[in-house]
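Enquirer: When you get a sec, could you give me coordinates for this:
(chains A and B)
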There are 2 protein chains.
Amino acid sequence: MFDIQIAVAKTNKYATGESGDTVEVVERPHGGFSVVLADGQGSGRAAKTLSHLVTTKAVSLIKDGVRDGAVARSVHDYLYAYRGGKVSTTLAILSIDLVTRTLVISRNSHCPVLLSRSGGPVTTDTGEFSSPIGIYPMTKPVITELPLEAHTYAVTYSDGLMEAGKRSGSPIDLQALVADCLSNVTTPNVTARNLADHLLEQALTLDTNRPADDMTVLVLAILPSPEKDSSRITPQVRSMDLHIPL
Amino acid sequence: MFDIQIAVAKTNKYATGESGDTVEVVERPHGGFSVVLADGQGSGRAAKTLSHLVTTKAVSLIKDGVRDGAVARSVHDYLYAYRGGKVSTTLAILSIDLVTRTLVISRNSHCPVLLSRSGGPVTTDTGEFSSPIGIYPMTKPVITELPLEAHTYAVTYSDGLMEAGKRSGSPIDLQALVADCLSNVTTPNVTARNLADHLLEQALTLDTNRPADDMTVLVLAILPSPEKDSSRITPQVRSMDLHIPL
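Expert: Numbers count the residues shown, from 1 in each chain, chains lettered A, B, ... in the order given. Next up is the predicted model:
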């Protein structure tokens, strides 16, 4: 039926030791996957600790079977309770839910989720205002739910990517870059990997390889399954790759 | 310094809907990564629920900063307490710990961790007996800790891979396959991806593409960093890929 691809590319702010963004992918207990992206306020160790804390709580709840809207609310309530409304974090959760057979997008971030469905134009997930977690009481996510369909792309990122090139007066236009990449007729099924790498590369170029902030890009693609050779049994193989330069 | 690669390939027992093996990768709060592999007793939904439960507990503890030996003990104690010693699961945790700068291997499984260091022979992590979690009181993991060194490979798997070909009288020899792959002079730095794919492919061939059990292979490779172009700034990019056929 489908070939689901998730690709992440991340780098840290120039001259800092580590990125304040954290991404985790976990399986859902009833089937499917969730990707969590958190961007902790600031940069360096403090930001990393914050985004780590937030993703820890989120993945634990997701793996316990909690629905995504309640996960985002719970993580906010926890952060707000223990840090007294003094620290903020963005939180995006993209889930492939195999029970509802939907793509569920929960966003607490000013960075949108770019969407393209069935070769259609690249739009943002919702125009609704979304605030980060941790600062205001009763914060909740904006949620978009879409049926699983081939040729769907969902792209989100941390603000370091969204604001690339701003300081040098040539701000990145991510919506145009995604549209351009997806409309390339010579490569009809752009992989999540290629799209993620392309966006990060463009952002790094605009920041002349000295990122002004931590940058993370996350791409989820739903592509049609490759044609099967019906003359033989082909087991379905799931794979995962991580690549970490130290 | 290093280029850390983690690759996973998994498939399910022939004619079952889902794999009873679960693999999760998470970041460690003080720096580094942990990969958790659990193989739930039996196959199908019940095995999946079990391995999901075990990895949920494990990743939550790891992300909270608990040391790996205590994670394995805690997960065992939890399973033993709540399931009354009636269900068993294997559990392997491979961690890149950036505080101690070591590779930490914690194993509760009869499947060994194959190791190759600095181009040396392929050995098993330890001859010590290791029992799965959930069945016997006070179960603890066998632990191997190695300094981070380039050209290190750690390979582990679920028993579906280890017992491939057994029923047809031509059992797989994983140690020989890994040794063969790593000693190939034409490809000096075998990637974790290539090694994982090769092992699963060989196992599937021996089971004539009808796996007798769920199969998972997990490869962690520590390779030297690629040469840097010192004439320009090259930001370090971490990446992650998931590929899920539905």
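Enquirer: List the buried residues in stretch A:224-244.
Expert: A:235, A:237-244 (16 or more other Cβ atoms under 10 Å in any protein chain shown). Using the backbone N, CA and C atoms, a C-beta is placed for each residue, glycine as well.
Enquirer: Filter the residues you listed down to the ones in strands?
Expert: Residues of the buried residues of stretch A:224-244 located in strands (DSSP state E): A:238-244.
Enquirer: of all those residues, which two lie farthest apart?
Expert: Taking Cβ to Cβ as the measure, these span a maximum distance of 20.4 Å, between A:Arg238 and A:Ile244.
Enquirer: Tell me if A:Leu103 really is in a helix.
Expert: No. Going by DSSP: H, G, I helix; E, B strand; the rest coil, the assignment for A:Leu103 is strand, not a helix.
Enquirer: can I assume it is in contact with A:Ile222?
Expert: Yes. If you go by Cβ atoms under 8 Å, A:Leu103 and A:Ile222 touch, sitting 7.1 Å apart.
Enquirer: overlap in contacts of those two?
Expert: Listed as contacting both A:Leu103 and A:Ile222 by Cβ atoms under 8 Å, 6 or more residues apart in numbering or on different chains are A:96, A:148, A:152.
Enquirer: near chain B, which of the residues you listed show up?
Expert: Restricting the shared contacts of A:Leu103 and A:Ile222 to those near chain B by Cβ under 8 Å from any Cβ of the partner chain leaves A:96, A:148.
Enquirer: who wins for most neighbours among the shared contacts of A:Leu103 and A:Ile222?
Expert: Greatest neighbour count in the shared contacts of A:Leu103 and A:Ile222, by other Cβ atoms under 10 Å in any protein chain shown, goes to A:Ile96: 24 neighbours.
Enquirer: Only the buried residues of stretch A:112-122, if you could.
Expert: Here stretch A:112-122 shows A:112-117, A:122 as buried, counting by 16+ other Cβ under 10 Å.
Enquirer: just stretch A:51-71 next, same as before
Expert: For stretch A:51-71, burial by neighbour count (16+ other Cβ under 10 Å) applies to A:51-63, A:66, A:68-69, A:71.
Enquirer: which residues in chain A form strands?
Expert: Taking DSSP E as the test, the strands found in chain A are A:2-11, A:21-27, A:32-40, A:89-97, A:102-108, A:114-117, A:123-124, A:142-147, A:152-157, A:215-224, A:238-245.
Enquirer: and those strands as CSV, adding mean pLDDT?
Expert: Below are these laid out as CSV (pLDDT from 0 to 100):
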stretch, mean pLDDT
strand A:2-11, 96
strand A:21-27, 97
strand A:32-40, 97
strand A:89-97, 98
strand A:102-108, 97
strand A:114-117, 96
strand A:123-124, 92
strand A:142-147, 96
strand A:152-157, 97
strand A:215-224, 97
strand A:238-245, 95
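Enquirer: who's in contact with the spatially most central residue of chain A?
Expert: Closest residue to the average C-alpha location of chain A: A:Leu218 at 3.9 Å, with Cα atoms, centre = their mean. Residues near A:Leu218 by Cβ under 8 Å, 6+ apart: A:6-8, A:23, A:35, A:37, A:92, A:94, A:155-157, A:196.
Enquirer: Can you narrow those residues down to the ones near chain B?
Expert: With Cβ under 8 Å from any Cβ as the criterion, the contacts of A:Leu218 include A:6-8, A:23, A:196 near chain B.
Enquirer: can you pick the most crowded of those residues?
Expert: In terms of neighbours by other Cβ under 10 Å, the ones next to chain B among the contacts of A:Leu218 top out with A:Ala196 at 28 neighbours.
Enquirer: surely A:Lys48 meets A:Glu18?
Expert: Yes. Contact criterion Cβ under 8 Å: A:Lys48 and A:Glu18 qualify, at 5.3 Å.
Enquirer: Of these two, which one has the most company?
Expert: A:Lys48 (24 against 15).
Enquirer: Let me see the confidence value for the more buried one.
Expert: If you check A:Lys48, the pLDDT there is 96.
Enquirer: just the one 10 residues further on next, same as before
Expert: At A:Ala58 the predicted local confidence, pLDDT, stands at 98.
Enquirer: got the contact list for A:Tyr136?
Expert: A:Tyr136 neighbours (Cβ under 8 Å, 6+ apart): A:80, A:85.
Enquirer: need the contact list for A:Ser43.
Expert: A:12-13, A:16, A:20, A:213-214.
Enquirer: Closest one of those residues to chain B?
Expert: Closest approach to chain B among the contacts of A:Ser43 (Cβ to the nearest Cβ): A:Asn12, at 7.5 Å.
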